[in-house]
Structures are given as structure tokens and as C-alpha cells.
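In: coordinates for the following, if possible.
(one chain, ligands or ions: 2)
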Amino acid sequence: MTKIAPSILSADFAKLGEEIKDIEKGGAEYVHVDVMDGHFVPNITIGPLIVDAIKPHTNLPLDVHLMIENPDQYIAQFASAGADIISVHQEACPHLHRTIQLIKSEGVKAGVVINPATPVEMIKPVLADVDLVLLMTVNPGFGGQKFIESVVPKIKEVASLRGENGYHFEIEVDGGVKEGTANTCVEAGADVLVAGSAVFNKEDRGEAIQALLASRV
Ligand SMILES: O=C(CO)[C@H](O)[C@H](O)COP(=O)(O)O
Ligand SMILES: [Fe+2]
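Out: Ligands and ions are numbered 1, 2, ... in the order given. You can find the predicted model right below:
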């Protein structure tokens, strides 16, 4: 079953608690939290303080996507703030295996992310160790961007590697996922669809989630 992980980047930050309750009621399975530092990506968003603030408002797992330089320095803070899954970019981790182990040592699930221009080859050495592989389908930094079609073969490649090797990670896609592109991702092998603007730009968040799920063939 496909899971929807609404990205709160496009939510109304003045009423985050309410927004999160709405997506939980509407059928979301994760809350996707985009953390940006103004260095790894040009935008600045939120930190552990907000993760801590939203935690009591939901029973859904908090899926924290770190788009920051030197993530090792902040992993413990995000874990104690209530993150359930912490994902780091391969491009930001010179010692990727060590960083994945650090996340796991905090008792949370570990994810690895690659940008559209990064080949799957770069994360092959950690595929046996991760709980989540996140493939960016836009260049990270902003919500509301256009889906990059050339990532689709990478979704298929990761799904094949999982099948051939008996790995257990989930495959998540992030960026430009909406009715139309959702089905392409699911057909290629994605299990979890991150959707920011497709969920929060619609008045009824529940209806938006259901429309995404229904758009799969
Ligand atoms: O990581 C991200 C951007 O870096 C966001 O999760 C992503 O862009 C979601 O927004 P949208 O669904 O509107 O594309
Ligand atoms: Fe994200």
C-alpha cells in the first residue's frame, strides 16, 4: 500500500498543530519535515524546536529530511525532539556509513537521500543498513517545483536492487508529486510519496490526500 507523507513546508505555520491533525484524519501515514540550513540548500526552514512542538499533536511518525551541512552535529537533537525517521543527504556526508550508524544509535530509523543528479551507485554501500531510501524528484530547497522525469529510472533501479538483494528499506520520492506524477512513481516502485503543495494548497487536506491515492492506477 502506498503511503502519503505530506510535507509541512507548504502548511500554514501559524496553525501547524491543526494542520497536522487534519492530515492525520485525512489518511496521511508520515509527517514529512523539511529541515534546511541556508548552506546545503539556499532556503532556511525549521529546526528541532518545531519537531519538539509538533510531536504531541500527532501519533504519525515524524519523517525528518535533513537538508543541512554537517548533519552529524544535529542528529541527537532531532532524535530527542521526537523524530522517528532521520534522513541525510549522501552529498552532505563524507562519512555516510558512520552517519547512518549514528542515526541508528539514537534509536530512530535511518534514511539516505540523493539529489536528482546523484547516481544510485553512490548509496549502494549503505543500502543494507538503511530503513528508507529517499529519491529527490526536484532539486532540494523549495516546495512547489516541477517533477524531474529523469529520476524515474533511478526509482526502478533502487527497487530492483532491493528485490535482488532482499533489502528491507522503503522507497520514498520527494518533489513535484501530484496527481499525474504520483502514479509514475508508484509504478516505478515508490512506496512513500512526499507531497507538499499537492496537499496543503488545497482547502481540504484529506480530500487532497485521497485524490493522490486515487490517482494511482
Ligand atoms: O524536500 C523538499 C524540498 O526540498 C520538499 O519535501 C518537497 O519539495 C515537497 O514539496 P512539493 O510537494 O510542493 O514539491
Ligand atoms: Fe523533503
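In: in what helix or strand does Asp34 lie?
Out: strand 31-36 (DSSP states H and E).
In: can you tell me which helices and strands whichever helix or strand comes after that strand packs against?
Out: Remark: after strand 31-36, the chain's next helix or strand is helix 48-54, criterion DSSP H and E. Applying 3 or more C-beta pairs under 8 Å, 6 or more residues apart in numbering; DSSP states H and E, we find helix 48-54 packed against helix 16-25, strand 31-36, strand 62-67, helix 75-81. Any C-beta I mention is one placed from the backbone N, CA and C, and that applies to glycine too.
In: what residues sit buried inside helix 48-54?
Out: For helix 48-54, a neighbour-count test (16 or more other C-beta atoms under 10 Å) marks 48, 50-51, 54 as buried.
In: for stretch 181-189, same thing?
Out: Those would be 181-186, 188-189, for stretch 181-189 by 16+ other C-beta under 10 Å.
In: around ligand 2, pick out the residues from the chain.
Out: With C-beta under 5 Å from the ion as the criterion, the chain meets ligand 2 at residues 34, 65, 174.
In: rebuild the buried residues of helix 48-54 as CSV, extending it with distance to Ala83 and pLDDT.
Out: What follows is the buried residues of helix 48-54, written out as CSV (distance: C-beta to C-beta, whole Å; pLDDT from 0 to 100):
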residue, distance to Ala83, pLDDT
Pro48, 8, 98
Ile50, 11, 97
Val51, 6, 98
Ile54, 11, 97
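In: and which of those is nearest to Asp131?
Out: Val51 (18.0 Å; C-beta to C-beta).
In: can I assume the closest one is in contact with Pro61?
Out: No: assessed by C-beta atoms under 8 Å, Val51 is found out of contact with Pro61, at 11.9 Å.
In: any idea how far the residue of the chain found nearest ligand 1 is from Lys104?
Out: Relative to ligand 1, the nearest point of the chain is Gly196 (2.8 Å; C-beta to the nearest ligand atom). Distance of Gly196 to Lys104, computed by C-beta to C-beta, to the nearest Å: 27 Å.
In: between these two, which one's more packed in?
Out: Using other C-beta atoms under 10 Å as the criterion, Gly196 and Lys104 rank with Gly196 on top: 25 against 15.
In: backbone phi and psi for the residue of the chain positioned farthest from its centre, please?
Out: In the chain, the residue that sits farthest from the middle, by C-alpha atoms, centre = their mean, is Glu164; the gap is 23.9 Å. Backbone torsions of Glu164, given as degrees, to the nearest 10, read phi -70, psi -30.
In: next: Pro71.
Out: Dihedral angles of Pro71 (phi, psi; degrees, to the nearest 10) stand at phi -60, psi -30.
In: tell me the bridge partners for the residue nearest to it when sequence neighbours are not counted.
Out: Residue nearest to Pro71 in three dimensions, not counting chain neighbours: Val88, with 4.7 Å by C-beta to C-beta, 6 or more residues apart in numbering. Beta-bridge partners recorded for Val88 (DSSP bridges): Leu66, Val112.
In: Val88 - how many residues pack around it?
Out: 27.
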